[in-house]
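Student: Build me a model:
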Amino acid sequence: MKYGIERKSDSESLKKKLSIKVNESNLTGLRELGGKLKTIQRDAFRKKFGNLLELLEVEVQVPVLTALA
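Tutor: Residues are numbered from 1 along each chain as shown. All right, here's what the predicted structure looks like:
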């Protein structure tokens, strides 16, 4: 019995290219606002949103991310 399911080989799936669109935003203003938070405000923000403010400080290299994808 044959079924209508076709299985692609691993090499065929590796040949597919993913298209990644990257939008580089200017986060300077957001970083400045985060820097102006007082300790109590920063702690309250961290309690509610986790380490979201720390992610603003991470330098992202777009070509590296594209290469890894």
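Student: Let's verify residue 57: helix, strand, or coil?
Tutor: Assigned by DSSP: H, G, I helix; E, B strand; the rest coil, the conformation of residue 57 is coil.
Student: Can you tell me, leaving aside adjacent residues, what's nearest to it?
Tutor: Leaving aside its chain neighbours, residue 57 sits nearest to residue 31 (7.4 Å; criterion: CB to CB, 6 or more residues apart in numbering). Heads up, the C-betas are built off the backbone N, CA and C, glycines and all.
Student: where's that neighbour, which helix or strand?
Tutor: Using DSSP states H and E, residue 31 sits within helix 28-36.
Student: List the buried residues in that helix.
Tutor: residue 34 (16 or more other CB atoms under 10 Å).
Student: Report the backbone C-alpha coordinates of it in PDB.
Tutor: Extracted as PDB, the C-alpha positions of helix 28-36 are listed here (Å, rounded to 0.1, in the frame of the first residue of the first chain):
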ATOM      1  CA  THR A  28      18.900  55.200  23.000                       C
ATOM      2  CA  GLY A  29      15.900  57.000  24.400                       C
ATOM      3  CA  LEU A  30      14.600  53.900  26.100                       C
ATOM      4  CA  ARG A  31      18.000  53.200  27.600                       C
ATOM      5  CA  GLU A  32      18.100  56.700  28.900                       C
ATOM      6  CA  LEU A  33      14.700  56.300  30.500                       C
ATOM      7  CA  GLY A  34      15.800  53.100  32.100                       C
ATOM      8  CA  GLY A  35      18.900  54.800  33.500                       C
ATOM      9  CA  LYS A  36      16.800  57.500  35.100                       C
END
